[in-house]
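Novice: The sequence and its predicted three-dimensional model are supplied below.
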Amino acid sequence: MIKVPDAGYVTVSSDYEQMRIPFESIMYIEARKSYVILHTFREKVISNTPLRVLLYDLPVRLFIQTHRNYVVAISQVNALEPSRVTLINNEKVPLSKNYRKPLINTLLELGVIDKGF
């Protein structure tokens, strides 16, 4: 189960222990069959929490889904291409057609990109 404290952390189960991961340290989240991988600046944390549960507890102003199996931190977005998002560290994350328009609308609303995009 996931708990989101007021301090900006998400708590997940990993290797039979509870881990508190600050929102600002998460670059992106990748869903696999029965687990998720939280990619942080320092490490990859594997948890058996379903992505849909994790999405429910993440702040919508900090994270956005780009693909049915991927969620990125908005602060880490560096470039958009038709089928992928490039992060600040040059990692590529898939961007599906279904999530492209909501992503662009959110980035426009937050002022990350301008209307000429």
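Specialist: Yep, it's here. Residues are numbered from 1 along each chain as shown.
Novice: was I right about residue 30 contacting residue 70?
Specialist: Yes - at 5.8 Å, residue 30 counts as touching residue 70 under the criterion of Cβ atoms under 8 Å. (Each C-beta comes from the backbone N, C-alpha and C, glycine too.)
Novice: Looking only at residue counts, what's the top helix in this structure?
Specialist: helix 97-110 (DSSP state H).
Novice: So for residue 62, what's the nearest residue that isn't a sequence neighbour?
Specialist: Leaving aside its chain neighbours, residue 62 sits nearest to residue 23 (5.5 Å; criterion: Cβ to Cβ, 6 or more residues apart in numbering).
Novice: what residues are up against that neighbour?
Specialist: Residue 23 makes contacts with 8-10, 58-59, 62-63, 73, as judged by Cβ atoms under 8 Å, 6 or more residues apart in numbering.
Novice: PyMOL command for the buried members of those residues?
Specialist: In PyMOL, a selection of the buried entries from the contacts of residue 23 looks like this (16 or more other Cβ atoms under 10 Å):
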select buried, resi 9+10+58+63+73
